[in-house]
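K.L.:
I'd like to go over a predicted model; first the sequence, then the structure.
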Amino acid sequence: MGQKLAYQRVFSEGLPENGGKLQGSIEFNSALSRYTYYQIGGPAAVIATPKSLEDLQWISEKITELKMLFFTLGWGSKILLADEGY
């Protein structure tokens, strides 16, 4: 659980309400089922949706800084995700 809190602390820094310049969105402990065709999948510690190249670079830097495991989800079809989450 401590690792998820660290992710939330670091990624929250990019949000405009915290003085960050992120144009995209960051969600914490959000259900992946909202993003898959079959509407299955448990919570993800972080779901980051960049809207610009700068967003993508910032998110990539944070992933590297935290040594996070990650995957890129496209349109959410042809994928089955565990209900236990990630």
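P.N.:
The structure has been received and is ready for your questions.
K.L.:
How about the secondary structure of Phe28?
P.N.:
strand (DSSP: H, G, I helix; E, B strand; the rest coil).
K.L.:
wait, doesn't it sit right on Val46?
P.N.:
Yes - contact criterion C-beta atoms under 8 Å: Phe28 and Val46 qualify, at 6.1 Å. Where C-beta positions appear, they are placed from N, C-alpha and C, glycine not excepted.
K.L.:
Which one of those two is surrounded by more residues?
P.N.:
Neighbour totals were compared for Phe28 and Val46, and Val46 leads with 21 against 15 (other C-beta atoms under 10 Å).
K.L.:
For that one, give me phi and psi.
P.N.:
Taking degrees, to the nearest 10, you get phi -140, psi 130 for the backbone angles of Val46.
K.L.:
nearest residue to it other than its sequence neighbours?
P.N.:
Tyr7 (5.1 Å; C-beta to C-beta, 6 or more residues apart in numbering).
K.L.:
likewise Phe11?
P.N.:
Nearest residue to Phe11, sequence neighbours excluded (C-beta to C-beta, 6+ apart): Ile26, at 5.0 Å.
K.L.:
how near is the one you found to Pro16?
P.N.:
11 Å (C-beta to C-beta, to the nearest Å).
K.L.:
Quick one: distance of the least confident helix or strand in the chain by mean pLDDT to the chain centre.
P.N.:
Least confident helix or strand, the chain: helix 2-12 with a mean of 89, by mean pLDDT, DSSP states H and E. How far helix 2-12 lies from its chain's middle: 11 Å, per C-alpha atoms, centre = their mean, to the nearest Å.
K.L.:
The nearest residue to Leu73 once chain neighbours are set aside: neighbouring residues, count only.
P.N.:
Nearest non-adjacent residue to Leu73, counting by C-beta to C-beta, 6+ apart: Tyr35, 6.0 Å away. The number of residues packed near Tyr35 is 19, by other C-beta under 10 Å.
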